Every structure is written in C-alpha cells, then in structure tokens.
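S.K.: generate coordinates for the sequence data below:
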Amino acid sequence: MSHTYNFFATISRMKYIERWALMRNSRPETLSEHSLEVAMLSHLLCTIGNVRYDKHLDADKAALIGLYHDASEIITGDMPTPVKYYNDDIRKAYKEVEAIAEDRLLDKLPADLRPSYEKIFKAEDSEEECYMRRLVKAADKISALIKCIEEERAGNTEFVTAKTSTVRAIAALEMELPEVHDFMEEFLPPYGNTLDELS
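M.R.: Numbering: from 1, shown residues only. All right, here's what the predicted structure looks like:
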C-alpha cells in the first residue's frame, strides 16, 4: 500500500485563513487570494527587471515563491504586522517560528520531491536569488497597498494608517528597486477604479 502525503491538502487550507483579521474589512481577503496576487506581482517585477534593467532573474521561480511565501501561516496564523515588527526580538523570534513551520510543511512531502520545494521555501546565496526575493517582498508590500486602496475606495477608513505606513515602506523600496518604481508609475494608478473605468 502506498504512503499518502499531506502537503497539498494542508496548503489548500490557505483559503480559510483571513488576512487583516484585527481590522474591519469591507470584503475579507484570504491568504489564497493574497498569495495569487503576490505571485503575479513578483513575476511582473522580475520581468520588468529582465526586460528594462538587464537583470537575469527567474520570473517563474519568483511567482512560485510568491505563491508559497506565506504558507507557514497555515500553522502559525496571520500575525498582525505591528506585532510582528514591534521590535528586533519579536521579529527574530517570529522568523524562527516561521522557519520551523516551513520545515513542518516540507516534511509533509515525499523525500524525492522535497528538494524541489525546498528551493522555493529556502533562499539560495546567489546575488540574483537575493535580488529576486527582495522583489517578492516588494510584491507583498504592493499587495498590501492594493488592499488598502480597495478598502479606502469602499469608504472604509480603517485602513488609513496601514496605507500611510505601506506607502512609506514602498517609497523606500523604490529608491533601491527600479522595478518597484516602474510598477508604481505605470500599474498602480488604475487600482480601485470601477469596472467601467477599467474597460
């Protein structure tokens, strides 16, 4: 009798985890929705880097990293950003908890497949890999900003402070990552528009 593995059944539970749980939402956002958006944005940022800035980034791998970037939250839950980054000790402790949770997920794979998924979950040391993962983190921030814009457009003032701090964080990233600047100039403005305005 063949052995069964829980990795993908566990990953599928991302659709039950709500983000921004401590805030009043006009429309809840699941971890699955967020991960899909981060995957698409990560792919785009790497593509911009390759096409416009002579980078050699693996945009497909960036998309996969984006898809799985918060998978550990199936085990840890979604910790609110102000708590996660309250101080260096909490940030370090959360990173350790996150790594343990990722290892627990990877243990749910058969041994022959695990190395392929470790490449998604665990960063390599190369310069291109580090840069690509920075773009995935930027995509994560951009996704948070998009959520703030959508909530604001829906008349919800709950996200005003989150929007301000996210805009500030992205502005800092724009100074170092031209791909982020290009996204903010060319792709961000239509977010929050109605379907008629987008047509």
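
S.K.: ok, longest helix in this protein?
M.R.: In the chain, assigned by DSSP state H, the helix with the most residues is helix 127-153.

S.K.: just after it, pick out the following helix or strand.
M.R.: Sequence order places helix 160-176 as the next helix or strand after helix 127-153, per DSSP states H and E.

S.K.: the following helix or strand past that following helix to helix 127-153, inter-axis angle?
M.R.: Proceeding C-terminally, helix 160-176 gives way to helix 178-186 as the next helix or strand, assigned by DSSP H and E. For helix 178-186 and helix 127-153, the angle between their directions (axes from the mean of the first three to the mean of the last three Cα atoms, to 10 degrees) works out to 30 degrees.

S.K.: elements contacting helix 178-186?
M.R.: If you count contacts as 3 or more Cβ pairs under 8 Å, 6 or more residues apart in numbering; DSSP states H and E, helix 178-186 packs onto helix 31-52, helix 127-153, helix 160-176. Backbone N, C-alpha and C define where each C-beta goes, glycine included.

S.K.: put together a markdown table for these, with distance to L106 and mean neighbour count on each row.
M.R.: Listed next are the helices and strands packed on helix 178-186 as a markdown table, based on distance: least, Cβ to Cβ, whole Å; neighbours: other Cβ atoms under 10 Å:
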| stretch | distance to L106 | mean neighbour count |
| --- | --- | --- |
| helix 31-52 | 17 | 21 |
| helix 127-153 | 17 | 20 |
| helix 160-176 | 29 | 14 |
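
S.K.: export those to a markdown table and tack on mean pLDDT and distance to Y5?
M.R.: Converted to a markdown table, these look like this (pLDDT from 0 to 100; distance: least, Cβ to Cβ, whole Å):
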| stretch | mean pLDDT | distance to Y5 |
| --- | --- | --- |
| helix 31-52 | 98 | 20 |
| helix 127-153 | 96 | 26 |
| helix 160-176 | 95 | 37 |
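
S.K.: closest to L109 out of these?
M.R.: Each of these was checked against L109 via Cβ to Cβ, and the shortest separation belongs to helix 31-52, namely 18.2 Å.

S.K.: dump the C-alpha coordinates for that closest one into PDB.
M.R.: Backbone C-alpha positions of helix 31-52 (Å, rounded to 0.1, in the frame of the first residue of the first chain) are rendered in PDB as follows:
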ATOM      1  CA  LEU A  31      -4.400  34.000   2.200                       C
ATOM      2  CA  SER A  32      -5.000  32.300  -1.100                       C
ATOM      3  CA  GLU A  33      -6.100  35.500  -2.800                       C
ATOM      4  CA  HIS A  34      -3.200  37.400  -1.400                       C
ATOM      5  CA  SER A  35      -0.700  34.700  -2.400                       C
ATOM      6  CA  LEU A  36      -2.000  34.600  -6.000                       C
ATOM      7  CA  GLU A  37      -1.700  38.400  -6.300                       C
ATOM      8  CA  VAL A  38       1.900  38.400  -4.800                       C
ATOM      9  CA  ALA A  39       2.800  35.600  -7.300                       C
ATOM     10  CA  MET A  40       1.600  37.700 -10.300                       C
ATOM     11  CA  LEU A  41       3.300  40.900  -9.000                       C
ATOM     12  CA  SER A  42       6.500  39.000  -8.300                       C
ATOM     13  CA  HIS A  43       6.600  37.700 -11.800                       C
ATOM     14  CA  LEU A  44       5.900  41.100 -13.200                       C
ATOM     15  CA  LEU A  45       8.600  42.900 -11.200                       C
ATOM     16  CA  CYS A  46      11.200  40.300 -12.300                       C
ATOM     17  CA  THR A  47      10.100  40.600 -15.900                       C
ATOM     18  CA  ILE A  48      10.500  44.400 -15.700                       C
ATOM     19  CA  GLY A  49      14.000  43.800 -14.200                       C
ATOM     20  CA  ASN A  50      14.900  41.500 -17.000                       C
ATOM     21  CA  VAL A  51      13.500  43.500 -19.900                       C
ATOM     22  CA  ARG A  52      14.300  47.000 -18.800                       C
END
